[in-house]
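*Asks:* Below: sequence and its predicted model.
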Amino acid sequence: MAIQFTDFSNKPLLESPWKNMLEDVLKGYQISQEPGKMKQEASARELANQLKTLEVEHKPKEYALGDQQKSLANALQSKALEHYEEKFNMARQLNQARIDKLNKAPTSVIKPNGKVANIAWVKEQLKDPNIDPAYAQQLKQALVDEQEHLEATTDRSKTLNATQYKRDATPVTKQYDEIKSIQNGKFPGTDRDLTPKEQSDMQSSLMLNIVKQTTDPKTREKLINANNMNITLDSIDPKKLTYYSGIEGQFVDKPADAILEGFGEGSQEYQDYIHETNKATFAAKQMRQYLGDSIQPSAQEKLDKLTKPEAWNVSQKTAEENFNFMRELYKQESQTLVRAVTDPSLFSGIGVSNNPAKNSAFTIKAPSIPNTVRSKADFQRWLKTLTPAQRAALKAKHAGGQ
């Protein structure tokens with residue numbers, strides 16, 4: 001048979017005896033504190049009543065002090081108004097006194113000042129007959145120095161104002177102004193006249209500076225080669241160079257004179273011919289430098305023949321004309337290059353003209369028709385060797401009946 005345990009879950013819980021005891025102790029403590037709490041509340045009410053009483057007692061004094069302050073402020077304001085009126089009357093009286101004084105005063109004289117006053121004072125001092133001569137001289141010199149300084153300052157200001165556009169100008173405009181001044185014989189920026197040597201030197205220096213600014217080293221080298229070539233070509237005498245041209249000259253005179261020259265008995269004509277041939281050979285070398293290193297051997301051979309045009313099948317007259325034609329052609333071509341980089345009119349802003357010959361930046365001289373042109377066909381071939389600017393200049397020349 002199973003054991004039957006007692007079930008306490010349905011039984012009521014017993015209250016703890018300590019619970020009632022603690023509640024009783026807490027209630028007793030609260031009851032014992034109640035008189036003290038009531039006393040503190042009574043003291044607080046009494047203190048509040050005393051503060052209100054003090055406030056009521058001091059209010060009349062505060063009102064009285066405020067009234068005193070207002071009265072004092074009103075008194076001060078009234079006093080200030082009295083003095084303000086007095087001050088205003090004094091200022092008005094002062095202004096009226098000044099006006100009366102001006103009305104009663106005679107016509108006033110404006111007194112000089114500055115440099116005018118100094119001049120007047122010095123002149124007044126110089127009237128003294130007892131003035132020390134050395135002191136008088138110092139005063140006069142001081143006046144002169146001051147006058148010179150004034151004139152120099154005035155002139156400087158006028159010059160600066162007149163040349164302000166130059167300081168505002170672009171580099172190209174400044175170069176143009178300098179070129180025009182030098183060409184007119186004036187030192188740039190001044191009215192001083194240039195001597196012929198100064199004018200030539202300054203123009204050369206300015207042109208060289210423009211060339212350096214507007215060209216590269218290769219172009220400048222070509223300009224030097226062109227100048228050297230022209231010098232050598234101008235030094236050649238075509239008559240002496242072509243003396244032995246033609247059948248008789250090539251096969252009879254030239255060999256005979258060469259033999260005599262070997263014995264020291266050569267003719268003057270042969271010696272002149274040798275000299276001119278050396279010049280022509282050197283000129284051919286300079287022309288190759290001018291044309292550039294890219295020239296072909298066949299072109300070099302033709303160039304050598306142009307510089308030494310004598311031949312058995314060409315008369316001396318024709319050879320001379322051929323040489324002159326070649327020399328004139330290369331000179332004009334090189335001059336075009338030189339003008340293109342050195343002519344100051346490049347910076348002058350020349351407008352377009354109805355005349356085509358004047359539409360370039362510089363003036364091209366119309367070329368002369370060589371003696372070798374004897375027919376219309378020769379003239380057409382010669383025209384093809386000219387530049388467009390040269391052809392325009394030639395057309396303008398003949399159109400104008402020059």
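*Replies:* Here it is on my side, so go on. Just so it is clear, the model here is predicted, and its values are computed rather than measured.
*Asks:* my guess is Ala366 meets Leu386, correct?
*Replies:* No: in this structure, Ala366 is not within contact of Leu386 by C-beta atoms under 8 Å, at 9.8 Å. All C-beta atoms are positioned from the backbone trio N, CA, C, and that covers glycine.
*Asks:* what residues are shared contacts of the two?
*Replies:* Counting by C-beta atoms under 8 Å, 6 or more residues apart in numbering, the common neighbours of Ala366 and Leu386 are Leu394.
*Asks:* And the helices in the stretch 301-402 of the chain, which stretches?
*Replies:* The residue ranges that make up the helices of the stretch 301-402 of the chain, judged by DSSP state H, counting those that start in this stretch, are 316-342, 376-384, 388-399.
*Asks:* ok, and which of the ones you listed has the densest surroundings?
*Replies:* The densest packing among these, expressed as mean neighbour count by mean count of other C-beta atoms under 10 Å, is seen in helix 316-342 with a mean of 18.
*Asks:* Now do it: distance to the chain's middle.
*Replies:* Helix 316-342 has its C-alpha centroid displaced from the chain centroid by 42 Å (C-alpha atoms, centre = their mean, to the nearest Å).
*Asks:* ok and that helix relative to helix 376-384, angle-wise?
*Replies:* Angular relation of helix 316-342 and helix 376-384 on a 0 to 180 degree scale: 30 degrees, by axes from the mean of the first three to the mean of the last three C-alpha atoms, to 10 degrees.
*Asks:* re the thing from before, need the helices of the stretch 301-402 of the chain in JSON lines with mean pLDDT and distance to Gln137, can you?
*Replies:* Written out in JSON lines, the entries for those read as follows (pLDDT from 0 to 100; distance: least, C-beta to C-beta, whole Å):
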{"stretch": "helix 316-342", "mean pLDDT": "79", "distance to Gln137": "58"}
{"stretch": "helix 376-384", "mean pLDDT": "78", "distance to Gln137": "83"}
{"stretch": "helix 388-399", "mean pLDDT": "67", "distance to Gln137": "71"}
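*Asks:* quick one: which of these is nearest Pro309?
*Replies:* With C-beta to C-beta as the measure, helix 316-342 is the member of those nearest Pro309 (4.3 Å).
*Asks:* Output the contacting helices and strands for that closest one.
*Replies:* Contact here means 3 or more C-beta pairs under 8 Å, 6 or more residues apart in numbering; DSSP states H and E; on that basis helix 316-342 packs against helix 196-214, helix 217-235, helix 238-241, helix 268-291, helix 297-307.
*Asks:* quick one: which of those helices has the weakest pLDDT on average?
*Replies:* Summarising mean pLDDT across the helices and strands packed on helix 316-342, the least confident stretch is helix 297-307, with a mean of 66.
*Asks:* tell me which residues in the helix or strand encompassing Tyr176 are buried?
*Replies:* Counting by DSSP states H and E, the element that carries Tyr176 is helix 171-183. Using 16 or more other C-beta atoms under 10 Å as the test for burial, helix 171-183 gives Lys174, Gln175, Tyr176, Asp177, Glu178, Ile179, Ser181, Ile182.
*Asks:* gap between stretch 210-222 and the chain center?
*Replies:* 23 Å.
*Asks:* cool, and stretch 229-239?
*Replies:* Taking the mean of its C-alpha atoms, stretch 229-239 sits 46 Å from the chain's own mean (C-alpha atoms, centre = their mean).
*Asks:* send the alpha carbons of it over as CSV?
*Replies:* What follows is stretch 229-239 as a C-alpha-only set of coordinates in CSV (Å, rounded to 0.1, in the frame of the first residue of the first chain):
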residue,chain,number,x,y,z
MET,A,229,78.0,85.6,-103.1
ASN,A,230,76.9,89.0,-104.3
ILE,A,231,80.3,90.6,-103.3
THR,A,232,82.2,87.9,-105.3
LEU,A,233,79.8,88.2,-108.3
ASP,A,234,80.1,92.0,-108.4
SER,A,235,83.9,91.7,-108.4
ILE,A,236,84.0,89.6,-111.6
ASP,A,237,84.6,91.4,-114.9
PRO,A,238,82.6,89.5,-117.5
LYS,A,239,84.7,90.8,-120.4
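*Asks:* contacting residues for the nearest residue to Leu233 once chain neighbours are set aside?
*Replies:* Once its chain neighbours are removed from consideration, Leu233 has its nearest residue in Arg327; the separation is 4.8 Å (C-beta to C-beta, 6 or more residues apart in numbering). By C-beta under 8 Å, 6+ apart, the residues touching Arg327 are Leu233, Asp234, Ile236, Pro238.
*Asks:* got it, and Asn103?
*Replies:* Neighbour list for Asn103: empty [criterion: C-beta under 8 Å, 6+ apart].
*Asks:* where does the residue sitting nearest the centre point of the chain fall, phi/psi-wise?
*Replies:* Among the residues of the chain, Thr170 comes closest to the average C-alpha position under C-alpha atoms, centre = their mean, at 6.1 Å. Main-chain torsions, Thr170, degrees, to the nearest 10: phi -80, psi 160.
*Asks:* List the residues that contact it.
*Replies:* With contacts defined as C-beta under 8 Å, 6+ apart, Thr170 has no neighbours.
*Asks:* Can you tell me how far it is from His58?
*Replies:* Computed with C-beta to C-beta, to the nearest Å, the distance linking Thr170 and His58 is 92 Å.
*Asks:* Over to Glu261?
*Replies:* To His58, Glu261 is 152 Å away according to C-beta to C-beta.
*Asks:* Could you do Lys140 as well?
*Replies:* As defined by C-beta to C-beta, Lys140 lies at a distance of 92 Å from His58.
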